[in-house]
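Asker: Sequence and predicted structure are below.
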Amino acid sequence: MEIVRCEHIEANVNNSNDWKHAIYLSGELLLRTGDITEAYIDAMISSVDELGPYIVISPGFALAHAQPSETVLHNSISLISLATPVEFHSKNDPVRIVMCIACRDRNAHMASLQRVAKQLLTPGIIENLSKAKTKEELYELINAERE
């Protein structure tokens with residue numbers, strides 16, 4: 001089952017310098033395909049501003065998201081690897097992989113989190129995602145069938 005569509009994946013993205021831009025870049029892939037509005041990206045950044053770097057859920061990995069809302073036009077997920085890791089001021093810094101989850105409602109949000117969690121529980125997956133050189137490699141890793 002495809003978790004992240006190929007057009008929503010980018011490898012070795014040249015991020016500028018900070019976590020806000022890294023979140024923006026992960027959301028921009030969904031913005032380009034009309035799955036979210038720019039307001040959803042702003043909401044993801046505001047969530048971290050308000051609550052701290054809670055989205056950095058494991059070493060080197062951030063799961064960007066905001067509350068389900070009308071700023072999400074289609075449930076979707078993106079994945080980027082950063083050419084230069086960024087600091088979120090978290091114990092799990094620096095972050096090289098940023099995944100963005102955008103959902104219209106809580107049920108879709110929970111279903112997406114369950115699918116993503118199943119993939120992320122694979123031993124070594126974050127390390128392998130960090131080492132991937134191409135979007136095709138990222139696509140294969142995140143969408144691989146798991147038991």
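Answerer: Everything's here; your move. Numbers count the residues shown, from 1 in each chain.
Asker: quick one: contacts for the residue positioned nearest the centre of the chain?
Answerer: In the chain, the residue lying closest to the centroid (Cα atoms, centre = their mean) is Met99, at 0.9 Å. Met99 makes contacts with Val4, Ser26, Phe61, Ala62, Leu63, Ala64, Ile77, Ser78, Leu79, Ile80, Val116, as judged by Cβ atoms under 8 Å, 6 or more residues apart in numbering. The way it works is simple: take the backbone N, C-alpha and C, and place the C-beta from them, glycine included.
Asker: Averaged pLDDT, the one helix or strand it maps to. What do you get?
Answerer: In this structure, Met99 sits in strand 95-102 according to DSSP states H and E. For strand 95-102, mean pLDDT rounds to 96.
Asker: Restrict it to CA atoms and write it as PDB.
Answerer: What follows is strand 95-102, C-alpha atoms only, in PDB (Å, rounded to 0.1, in the frame of the first residue of the first chain):
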ATOM      1  CA  VAL A  95      16.900  16.400  11.900                       C
ATOM      2  CA  ARG A  96      17.500  15.200   8.400                       C
ATOM      3  CA  ILE A  97      14.100  13.500   7.600                       C
ATOM      4  CA  VAL A  98      10.900  15.500   7.700                       C
ATOM      5  CA  MET A  99       7.500  13.900   7.100                       C
ATOM      6  CA  CYS A 100       4.400  16.000   6.800                       C
ATOM      7  CA  ILE A 101       0.900  14.500   7.500                       C
ATOM      8  CA  ALA A 102      -2.100  16.500   6.500                       C
END
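Asker: Could you let me know which of the contacts of Met99 ends up closest to Asp93?
Answerer: Ala62 (9.6 Å; Cβ to Cβ).
Asker: secondary structure class for the closest one?
Answerer: strand (DSSP: H, G, I helix; E, B strand; the rest coil).
Asker: Can you name the residues bridging to it?
Answerer: Counting by DSSP bridges, Ala62 forms beta bridges with Val56, Val98.
Asker: Could you count how many residues lie near it?
Answerer: Neighbours of Ala62 under the rule other Cβ atoms under 10 Å: 29.
Asker: What of Ile125?
Answerer: Residues lying near Ile125 (other Cβ under 10 Å) number 18.
Asker: Please report phi then psi for it.
Answerer: When read as degrees, to the nearest 10, the backbone of Ile125 gives phi -60, psi -40.
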